[in-house]
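Asker: Sequence first, predicted model second:
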Amino acid sequence: MGKGNVTTVYRNKEGQYQTTIPRGLAEAMGLEKGSKLEWMIEGKNTFKVRIL
């Protein structure tokens with residue numbers, strides 16, 4: 001698998017897991033505040049994200 005962006009997963013005080021995405025990726029995909037994403041499990045170590 002090629003190199004990609006690497007980010008860290010954090011856990012907030014409510015127990016939710018959070019991460020950030022690079023600005024360049026968000027801009028390239030046309031994301032903005034309030035955008036909705038759908039997450040799908042592809043395998044043990046792989047998931048897919050779709051912009052709704």
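Answerer: Happy to help now that I have it. Numbers count the residues shown, from 1 in each chain.
Asker: so what's the residue nearest to the spatial centre of the chain up against?
Answerer: Nearest residue to the geometric centre of the chain (CA atoms, centre = their mean): Ile21, 5.9 Å. By CB atoms under 8 Å, 6 or more residues apart in numbering, the contact set of Ile21 is Asn5, Thr7, Leu31. To be clear about C-beta, it is placed using only N, CA and C from the backbone, and glycine gets the same treatment.
Asker: Give me the nearest residue to the last one, chain neighbours excluded.
Answerer: What it means is Leu31. Sequence neighbours aside, Ile51 is the residue nearest to Leu31 in space, at 6.8 Å (criterion: CB to CB, 6 or more residues apart in numbering).
Asker: Please produce CSV containing the contacts of Ile21, extended by distance to Gly43.
Answerer: CSV is the format used below for the contacts of Ile21 (distance: CB to CB, whole Å):
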residue, distance to Gly43
Asn5, 19
Thr7, 19
Leu31, 25
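Asker: quick check, nearest of the residues you listed to Asn45?
Answerer: The closest of these to Asn45 turns out to be Thr7 (CB to CB; 15.1 Å).
Asker: can you pull out the helices in this protein?
Answerer: Using DSSP state H, the helices of the chain run over 23-28.
Asker: Farthest from the middle of it: give me that residue.
Answerer: Farthest-from-centroid check, the chain (CA atoms, centre = their mean): Lys13, 19.7 Å.
Asker: For that residue, give me the pLDDT.
Answerer: pLDDT for Lys13: 97.
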